[in-house]
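J.: I'd like to go over a predicted model; first the sequence, then the structure.
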Amino acid sequence: MLLRGASEGLWEWDLETNEMHFCARWKAMLGYKESELNNRPDEWFNRVHPEDIERVQSEILSHLLGISNQFQSEHRVRRADGAYRWMLSRGLAVLDSNRYVYRMTGSLTDVTDQKQAEQQLLHNAFHDALTGLPNRALFMDRLKQSLGEAKKGEGYSFGVLFLDLDRFKVVNDSLGHQIGDQLLVATARRLESCIRPGDIVARLGGDEFAVILDHVRHVGDATQAAERIRERLATPFNLSGHEVFISASIGIALNQASSEGPDEILRNADTAMYRAKDQGRGCFELFDKGMRARNAALSQLESGLRHALARDEFSVHYQPIISLETWRISGFEALLRWEHPEHGYISPLKFIPVAEETGLIIEIGQWVLREACQQLKMWQEQFPSTPPLSMSVNLSGKQFSQPDLIECISQILKETGLDASSLKIEITESAIIENLDAAAMMLKRIKALGIRLSLDDFGTGYSSLSYLHRFPIDTLKIDRSFVSRINLPKNAEIVKTILTLARNLGMDVVAEGVETREQVLQLTGLNCEYVQGYLLSKPIDGRAMKELISEIYHRGLGQQHAGAA
């Protein structure tokens, strides 16, 4: 058998004498000297983890019987120091002149780092990167389980708490995002100290948390839990020398009707939380069906959305995507902004979900796409480059299921005169995961137009790894949660794994949320092609972006002329 590399240990198994020969490297990988192990198969099999041994033996047997073309198995092996390492073992059966198997040859490779990176990706799919708490996906799954238990009719009942930190934005704006992040982590730890075994606390996003209270016998159990949290949060936090006070508005919802779904129960708790916030800081309220204040606010927001396009209240801001090789702008991401005439700036986190729910996102999305394509066409004419500047536009889940989506995109490209190859459509896993077959078909149709495709927030959803090969993706965007903590070994390994995966699949990579020079240096060292983030530029309007492009563009031309001279 050819030597694959110095990192692999080789073995050979004589099936007639039942002797197994291990090379010095194989033994060293397990922490042994060459003279310390004998030539029996048990030297290997007795060190395989008890949970893996039956599978390993079955995989070997399958190959010896000709069921599989080769033996290949990932399993844990115990080293001399007692620690287990993940190993990839490969082997091939060798036949004699009568086509009987008389020996096997193979190799052993330590894949512990890769396995840990995979496990971290899986963990991140269901846990919040900042606090380590379960995320919305895991919370909703647990909520479905609790509803299932309640519907069995055996007297089981539970409650949900929805928490929103009061005046968290003030802390963020006055002390900075770093202190804000520290506060979220410290809050998570205090919430964990308040819950009982069987309960679950999760971070839903931003400064919102939720708790499932297991086995709630009566309303008092839920209100006592809310009171316990309120008291625990009342103690000031000491964060990097800053004494920070925080409180939370808490909404409480109990499972009442068997027809309620998980989304409805969480929405009830959310509605109660907004009622609590109206009462002042640090209050909690129990949901009742008379609470319609939240619905009225949503109705008002919806009404404003319906008039925003006609009143020219929307604008598109652009954030540049920078090539780490040339340090020039390669393209932009188009981002929707809303300036309400009465309420001022309204965060997309607030109005986009409402636009999705009402279907207004279809019309708004078409407007954004047309504006972005038209703007890019102008910039391409003003600042010619090779390759031309590109534009990334986000496509929501509702738009993705739009029957005439392809026709709408084609029409906009025709109207604006933009070449399809300059447009990149960004999608998230949530937009495609509900119906994979339909998603794969739609992506292929978009791709057929000559448009490039980008998968946003990559690494936060484990299933994206499993289904990535089914979709004609051109670009992976590494989620900012990995980039912001790339200095941590596990996160650096995940980023490295994503970059390797992308290269193997012929995709390029954009790292989002770049905020420090150290992050740029690390990403450059990992051969990441493109970056995007506040270190380079925050999202700005078209006029300001034109000035930035002009400055960089003419600086580049000057350097070219200087070089030619």
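T.: In hand now; what should we look at?

J.: Please tell me how far N69 sits from I212.
T.: As judged by C-beta to C-beta, to the nearest Å, N69 and I212 stand 47 Å apart. All C-beta atoms are positioned from the backbone trio N, CA, C, and that covers glycine.

J.: So for the two, which residue has more residues nearby?
T.: I212 (23 against 9; other C-beta atoms under 10 Å).

J.: does the more buried one really touch R142, like I thought?
T.: Yes - between I212 and R142 a contact is recorded at 5.9 Å, counting by C-beta atoms under 8 Å.

J.: Show me the common contact partners of those two, please.
T.: By C-beta atoms under 8 Å, 6 or more residues apart in numbering, I212 and R142 have these common neighbours: I200.

J.: lowest-confidence helix or strand of this protein?
T.: Within the chain, no helix or strand scores below helix 463-467, which has a mean of 58 by mean pLDDT, DSSP states H and E.

J.: Provide the strand pairings for the following helix or strand past that one, with the direction of each partner.
T.: Following helix 463-467 in sequence order, the next helix or strand is strand 475-478 (DSSP states H and E). Strand 475-478 sits in its sheet next to strand 452-458 (parallel), strand 508-511 (parallel), going by DSSP bridges.

J.: Can you give the distance of the first one from its chain's centre?
T.: Using C-alpha atoms, centre = their mean, to the nearest Å, the mean C-alpha position of strand 452-458 is found 11 Å from that of the whole chain.

J.: cool, and stretch 16-36?
T.: 42 Å.

J.: Next, the distance between the ends of that stretch.
T.: Terminal residues of stretch 16-36 are spaced 24 Å apart (C-alpha to C-alpha, to the nearest Å).

J.: what about that stretch, average pLDDT?
T.: On average, the pLDDT along stretch 16-36 is 92.

J.: buried ones in that stretch?
T.: M20, F22, C23, R25, W26, K27, M29, L30, Y32 (16 or more other C-beta atoms under 10 Å).

J.: before we move on, what about stretch 522-535?
T.: The neighbour-count check on stretch 522-535 (16+ other C-beta under 10 Å) flags Q522, L523, L526, C528, E529, Y530, V531, Q532, G533, L535 as buried.

J.: now swap in stretch 244-256 and tell me
T.: Going by 16+ other C-beta under 10 Å, stretch 244-256 has these buried residues: V244, I246, S247, A248, S249, I250, G251, I252, A253, L254, N255.

J.: measure that stretch end to end?
T.: Using C-alpha to C-alpha, the two ends of stretch 244-256 sit 38 Å apart.

J.: Report the rounded mean pLDDT for it.
T.: Here the average pLDDT along stretch 244-256 is 91.

J.: Check stretch 407-414 too.
T.: 96.

J.: Give me the buried positions along it.
T.: So for stretch 407-414, counting by 16+ other C-beta under 10 Å, buried means C408, I409, I412, L413.

J.: Contacts for stretch 333-343, please.
T.: 304, 308, 311, 313-319, 321, 345-346, 348, 351-352, 364, 368, 371-372, 391-394, 426, 532, 539.

J.: List the buried residues of it.
T.: E333, A334, L335, L336, W338.

J.: Out of the buried residues of stretch 244-256, the closest to F383 would be?
T.: Here the nearest of the buried residues of stretch 244-256 to F383, counting by C-beta to C-beta, is V244; it sits at 45.7 Å.

J.: Return the set of residues that bridge with that closest one.
T.: F237.

J.: Run through the residues that contact it.
T.: Contacts of V244 (C-beta under 8 Å, 6+ apart): V171, L175, I179, L183, P236, F237, N238.

J.: Highest neighbour count among the residues you listed?
T.: V171 leads those on contacts (other C-beta under 10 Å) with 24 neighbours.

J.: three-state assignment of that one?
T.: helix (DSSP: H, G, I helix; E, B strand; the rest coil).

J.: was I right about it contacting G180?
T.: Yes - in this structure, V171 is within contact of G180 by C-beta under 8 Å, at 5.6 Å.

J.: so who does E260 touch?
T.: Here E260 is in contact with L147, N268 (criterion: C-beta under 8 Å, 6+ apart).

J.: for it, helix, strand, or coil?
T.: Going by three-state DSSP: E260 is coil.

J.: can you pull the pLDDT of it?
T.: E260 is given a pLDDT of 76.

J.: please renumber so the chain begins at 384
T.: Shifting the count to begin at 384 puts that one at E643.

J.: Can you give me the distance of it to D524?
T.: Counting by C-beta to C-beta, the gap between E643 and D524 amounts to 16 Å.

J.: likewise S713?
T.: Separation of S713 from D524 (C-beta to C-beta): 39 Å.

J.: cool, T769 as well?
T.: Distance, T769 to D524, by C-beta to C-beta: 48 Å.

J.: Comparing the two, which shows the higher neighbour count?
T.: D524 (12 against 4).

J.: Let me see the contact set for the more buried one.
T.: Contacts of D524 by C-beta under 8 Å, 6+ apart are F509.

J.: now I633
T.: L544, F545, L546, A609, I612, R613, M656, A659, C666, F667, E668.

J.: So which of the residues you listed belong to strands?
T.: L544, F545, L546, F667, E668 (DSSP state E).

J.: ok, and the closest non-adjacent residue to the second one?
T.: Spatial nearest neighbour of F545, chain neighbours left out: A652 (3.7 Å); criterion: C-beta to C-beta, 6 or more residues apart in numbering.

J.: Count the neighbours of that neighbour for me.
T.: Neighbour number of A652 under other C-beta under 10 Å is 24.

J.: is it fair to say it lies in a strand?
T.: No - read with three-state DSSP, A652 is helix and lies in no strand.

J.: got a pLDDT number for it?
T.: A652 is given a pLDDT of 93.

J.: can you check the one 5 residues further on too?
T.: Note on Y657: pLDDT of 84.

J.: gap between it and G714?
T.: In this view, Y657 and G714 are 39 Å apart by C-beta to C-beta.

J.: neighbour count winner among those two?
T.: Neighbour tally, Y657 and G714, criterion other C-beta under 10 Å: the higher count belongs to G714, 25 against 19.

J.: The more buried one pairs with what?
T.: I704, S773.

J.: residue contacts, E647?
T.: E647 neighbours (C-beta under 8 Å, 6+ apart): none.

J.: phi, psi of it?
T.: Torsion angles at E647 (phi, psi; degrees, to the nearest 10) stand at phi -70, psi -40.

J.: Work out the gap between stretch 466-479 and the centre of the chain.
T.: Worked out by C-alpha atoms, centre = their mean, stretch 466-479 lies 34 Å from the chain centre.

J.: tell me which residues in that stretch are buried?
T.: Neighbour-count burial for stretch 466-479 [16+ other C-beta under 10 Å]: R468, W469, M470, L471, S472, R473, G474, L475, A476, V477.

J.: Report the separation between the nearest residue to the third one once chain neighbours are set aside and R430.
T.: Looking back up the chat, that one is M470. With C-beta to C-beta, 6+ apart as the criterion, M470 has its nearest non-adjacent residue at 4.9 Å, and that residue is V460. Per C-beta to C-beta, V460 is found 5 Å from R430.
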